[in-house]
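In: sequence plus the predicted model coming up.
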Number of protein chains: 2
Amino acid sequence: MEILIENGTVVPMTGDGRETFRAAVGIRGGRIAMVDRDGSRTGAFRAEAGDRLRVIDAEGKAVMPGLINLHNHVAMALMRSVADDMPLMPWLQEKIWPYEAKLNGDDIYWGAKLGIAEMLMGGTTTFADMYARSQRVGEAVEELGIRAVLAPPFIDGRMEAFEREAVEMIGRYHGSGDGRIGVRIAPHAPYTCSPESIARALRLCERYGVGVHVHVAETQDEIATVRERYGKTPVEYLDDLGVFRYPTLAAHCVHLTGGDMEIMLQRGVTVAYNPQSNMKLASGVAPVAEMLRRGLAVGFGTDGPSSNNDLDMWEELRTGSLLQKVTTGDPTALPAHETLRMATAGGADALGMGDRLGRVAEGMLADLIVVDLRKPHLCPNNDLLSDLAYCGKASDVETVIVDGRIAVEGRKLCTADYAAVCRGVKERVAEIARR
Amino acid sequence: MEILIENGTVVPMTGDGRETFRAAVGIRGGRIAMVDRDGSRTGAFRAEAGDRLRVIDAEGKAVMPGLINLHNHVAMALMRSVADDMPLMPWLQEKIWPYEAKLNGDDIYWGAKLGIAEMLMGGTTTFADMYARSQRVGEAVEELGIRAVLAPPFIDGRMEAFEREAVEMIGRYHGSGDGRIGVRIAPHAPYTCSPESIARALRLCERYGVGVHVHVAETQDEIATVRERYGKTPVEYLDDLGVFRYPTLAAHCVHLTGGDMEIMLQRGVTVAYNPQSNMKLASGVAPVAEMLRRGLAVGFGTDGPSSNNDLDMWEELRTGSLLQKVTTGDPTALPAHETLRMATAGGADALGMGDRLGRVAEGMLADLIVVDLRKPHLCPNNDLLSDLAYCGKASDVETVIVDGRIAVEGRKLCTADYAAVCRGVKERVAEIARR
């Protein structure tokens, strides 16, 4: 099917993200085949597609790249609002881990479906995930049609099970879903993974040519623990073990030294900034303005729905921008265009997919969203980029296209029966409570 | 008209805000006439109302007090996204003030209509406002049916015009709209109002029995200026002038000393916490957790739509809670129930209206909202208060009742033609640009 999006204002997120223009966007074979600014090629595109053409009228709407959520544990949607307003360790030890111990693969499949439905309906078209039994997350990804980079995680003491899962996961899902799914390996964190475990995991990276997704420097406790055990920062620890020889996406990076940032820049380590989760757990504020100044690739992540508690990238990018302004004392930090760029093109760059993802330009993967601007909070449209960054909401997203296929239309999820997903999840949650 | 809201889960925000229960809520004569938890009185209420009864089915929905926005310059919706990512003084001097100098009364009326439409559609039922030509804001308030406390502001050099406006405003609007509108007097800020101006304004408070709405301690610049001029903190300056002998709502309060908080507590000064505006302008973080610990009444405000850039109280309350957690390092700060209480009952308390507003209880003013919980980001409903505080969105608000009348139903504004409001505003904005 070819798709033609007409009459919209395109926010392409190419370059520094400042440019916007009116253009018709043509989609063919999962790619953006045409961005026609002067109307000279739309007729031919239309004629060539003939009966197969699906036309979307985007008058009064913005056409922009889908949002990219760089850090998630999506299946934890099951556990949304199960435990809040608690310090990190009691939260994990008393609530989250005992709950997770009860989960089976079907639970994870249903939790993932719920979280993916929420993300798609809010305009997120790609997410990077880290969770056990990630095959079941992969199943939900294939079914609902989102793009994903899935990472089976390991911690010390579970390496045999992890290695089996990782090999199976890579074989079954790396490149699956018409190439929508990629796999990485996830050492959980420097404080939960010994040098021996990490060395074993890196052999998989080497053998299968996959990258790494890892929690880094999330809390002061982690810094102290790693310092005590190894006399290093978490970044130095991972670097010395050779982790950064593989493409590495580092989540959180709240507590970094200047030396850490220098290592990350030299090794091409990229960063998932999770402002709401870091605020909610009182972990701290990642020095994102400084990372950007140094040239690091940084995008946004929501973290899992147990610590956020939703998967709303609009709130994440807005809060993330405001938080940098207030903590640096600089109201020009993370301006609107930069924030939107980080949530789209910057996220693609952080995944090493910037050559094909996160921008509305000819030849790029057709992951697009259409945002309805005819809302009270977006009127009178004085500045489109400011409106999107500071006022845009998940509920403004009207149409979502992933890999050239329509996943959400008229705010309705097309790839699953959403009410049935909710019912399924509620049934499972009730059953888990009885276990 | 009587209204009966059936089958919903009531989040009454009485007491500490933790309680929720299923009940039928009956509304009569602008008041909550019945909260029937055991079903014993609903039949009689229904019979008595007869044909006049309007029934709202709230199955799968929450019934809670409308949100109270304590600090706004609503007409600035005209200027939404006109200028962003700038420091406060250039923002004011180069962008906002030159724009405001071009505005006439009709512009302000249309800007207020837009902002009020946005607030109502997002579940805000009361707002406190401060803006010039506030009569025109009053006109929009009467028309759209929201509740408001409007404050004509003054700065040095414009006292004659202000006094005329204030007297007219009090005469025309104090107690108007069936009592929905109240008037206060607004010294703009300690750095823009001399002791002489403030003394003149307080004579109006004395003569007409009205309270005060004032910006206090918003930036470090203000602290330095007031210190240099008067050798005092802004709070001490206002206190020494006798401002706090009148009920005072103090907006921002970002930079307070322990002594300031003590004075405010003794004088009953209440606080509008505007986290998103303070973050965006890099003003700082108000010490709200400490204010609450000391016993001050604090609620949330959005500030004007030029510095936020929307009027979304859900984002305000969520970001405000997360910001306190991360800046105090305490993840238990501003927990879900406390945050929701501040946005409803706490806001009413801060306006000195806690005896009649901000709670779902018999005898209270009928300002209620019905929130649809059947949304992906609210599934699986593990904890209603956490879901509302950490995941609730303006777009989840389905029905809004102010003073016993339905203002929004099925997410549609009932009291104005919203599309016409947007058209009117856009026409004015285009015309202002030509002035």
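Out: Arrived safely. Just so it is clear, the structure is predicted and the values come from calculations on it, not from any experiment.

In: contact partners for the nearest residue to A:Val235 once chain neighbours are set aside?
Out: Excluding the flanking residues, the one nearest A:Val235 by Cβ to Cβ, 6 or more residues apart in numbering or on different chains is A:Asp260, at 3.8 Å. Placement of C-beta: from N, CA and C, glycine included. Each residue near A:Asp260 by Cβ atoms under 8 Å, 6 or more residues apart in numbering or on different chains is listed here: A:217, A:233-236, A:253.

In: just give me the residue right at the centre of chain A.
Out: A:Asn69 (1.5 Å; Cα atoms, centre = their mean).

In: what helix or strand is it located in?
Out: Counting by DSSP states H and E, the element that carries A:Asn69 is strand A:67-72.

In: show me how chain A divides into domains.
Out: A:2-65+A:364-413, A:67-350 (automatic domain parsing).

In: which one of these lies closest to B:Thr344?
Out: When the domains of chain A are compared by Cβ to Cβ, domain A:67-350 sits nearest B:Thr344, at 18.1 Å.

In: average pLDDT for the strand holding A:Asn69?
Out: Strand A:67-72 carries an average pLDDT of 98.

In: neighbouring strands - and their directions - for it?
Out: strand A:124-130 (parallel) (DSSP bridges).

In: and the next element down the chain from the partner strand?
Out: helix A:134-144.

In: please tell me how far A:Ala186 sits from A:Val421.
Out: For A:Ala186, the distance to A:Val421 equals 26 Å [Cβ to Cβ, to the nearest Å].

In: who has more neighbours out of the two?
Out: A:Ala186 (29 against 22; other Cβ atoms under 10 Å in any protein chain shown).

In: so what's the more buried one bridging to?
Out: Note on A:Ala186: beta-bridge partners A:Pro153, judged by DSSP bridges.

In: if I pick it, what's in contact with it?
Out: A:130, A:151-154, A:212-214.

In: could you find the closest non-adjacent residue to the residue in the stretch 101-250 of chain A that chain B sits nearest to?
Out: The stretch 101-250 of chain A approaches chain B most closely through A:Glu118 (3.8 Å), counting by Cβ to the nearest Cβ. Closest residue to A:Glu118 apart from its sequence neighbours, by Cβ to Cβ, 6+ apart: B:Pro376 at 3.8 Å.

In: how about A:Leu378?
Out: A:Asp387 (4.9 Å).

In: near chain B at all, the helix or strand hosting A:Arg293?
Out: Using DSSP H and E, A:Arg293 sits in helix A:288-294. No - using Cβ under 8 Å from any Cβ of the partner chain, helix A:288-294 stays clear of chain B, coming no nearer than 11.1 Å.

In: and that helix, what does it pack against?
Out: helix A:258-267, strand A:270-273, strand A:298-300, helix A:313-328 (3 or more Cβ pairs under 8 Å, 6 or more residues apart in numbering or on different chains; DSSP states H and E).

In: can you list these in TSV and add distance to B:Ser277 and mean pLDDT?
Out: Listed next are these as TSV, based on distance: least, Cβ to Cβ, whole Å; pLDDT from 0 to 100:
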stretch	distance to B:Ser277	mean pLDDT
helix A:258-267	30	98
strand A:270-273	22	98
strand A:298-300	22	98
helix A:313-328	9	98
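
In: thinking again about what came up before, among the contacts of A:Asp260, which lie within helices?
Out: The members of the contacts of A:Asp260 that map onto helices under DSSP state H are A:234-236.

In: now the residue nearest to the centre of chain A: how far from A:Glu48?
Out: A:Asn69 is 35 Å from A:Glu48, by Cβ to Cβ.

In: cool, and A:Ile27?
Out: According to Cβ to Cβ, A:Ile27 and A:Glu48 sit 13 Å apart.

In: same question, A:Asn309
Out: According to Cβ to Cβ, A:Asn309 stands 46 Å off from A:Glu48.

In: between those two, which is the more surrounded one?
Out: Each of A:Asn309 and A:Glu48 has its neighbours counted (other Cβ under 10 Å); A:Asn309 has more, 31 against 13.

In: how about A:Glu409, phi and psi?
Out: Backbone torsions of A:Glu409, given as degrees, to the nearest 10, read phi -140, psi 130.

In: OK, contacts around the closest residue in space to it that isn't next to it in sequence?
Out: Closest residue to A:Glu409 apart from its sequence neighbours, by Cβ to Cβ, 6+ apart: A:Thr399 at 5.4 Å. If a contact means Cβ under 8 Å, 6+ apart, then A:Thr399 has A:56, A:369-370, A:406, A:408-410 as its contacts.

In: try 7 Å
Out: Shown in contact with A:Thr399 (Cβ atoms under 7 Å, 6 or more residues apart in numbering or on different chains): A:56, A:369-370, A:406, A:408-409.

In: in its sheet, what does the host helix or strand of it sit against?
Out: Assigned by DSSP H and E, A:Thr399 belongs to strand A:397-402. Take DSSP bridges as the rule and strand A:397-402 pairs in its sheet with strand A:368-372 (antiparallel), strand A:405-409 (antiparallel).

In: just put those in JSON lines and tack on mean neighbour count and mean pLDDT.
Out: Output for the strands paired with strand A:397-402, formatted as JSON lines (neighbours: other Cβ atoms under 10 Å in any protein chain shown; pLDDT from 0 to 100):
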{"stretch": "strand A:368-372", "mean neighbour count": "24", "mean pLDDT": "98"}
{"stretch": "strand A:405-409", "mean neighbour count": "20", "mean pLDDT": "98"}
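
In: got a list of contacts for the helix or strand encompassing A:Glu165?
Out: Here A:Glu165 sits within helix A:159-173, counting by DSSP H and E. Contact partners of helix A:159-173, identified using Cβ under 7 Å, 6+ apart, comprise A:134-135, A:138, A:150, A:152, A:154, A:181, A:183, A:185, A:197, A:200, A:204, A:208, A:210.

In: mind running it again at 10 Å?
Out: When contacts are defined by Cβ atoms under 10 Å, 6 or more residues apart in numbering or on different chains, helix A:159-173 is touched by residues A:132-135, A:137-139, A:141-142, A:148, A:150-155, A:158, A:180-188, A:193-194, A:196-197, A:200-201, A:203-205, A:207-210.

In: could you do stretch A:102-109 as well?
Out: A:74-76, A:78-79, A:99-100, A:111, A:131-140, A:143, A:424-425, A:428-429, A:431-435.

In: in the stretch 151-300 of chain A, what residue lies closest to chain B?
Out: Counting by Cβ to the nearest Cβ, the stretch 151-300 of chain A gets nearest chain B through A:Met279, at 3.7 Å.

In: show me how far the helix or strand encompassing that residue is from its chain's centre.
Out: According to DSSP H and E, A:Met279 maps onto helix A:275-280. Centre-to-centre, helix A:275-280 and its host chain are 15 Å apart (Cα atoms, centre = their mean, to the nearest Å).

In: same for that helix, what does it pack against?
Out: Other elements packing on helix A:275-280 under the criterion 3 or more Cβ pairs under 10 Å, 6 or more residues apart in numbering or on different chains; DSSP states H and E are strand A:248-252, helix A:313-328, helix B:313-328.
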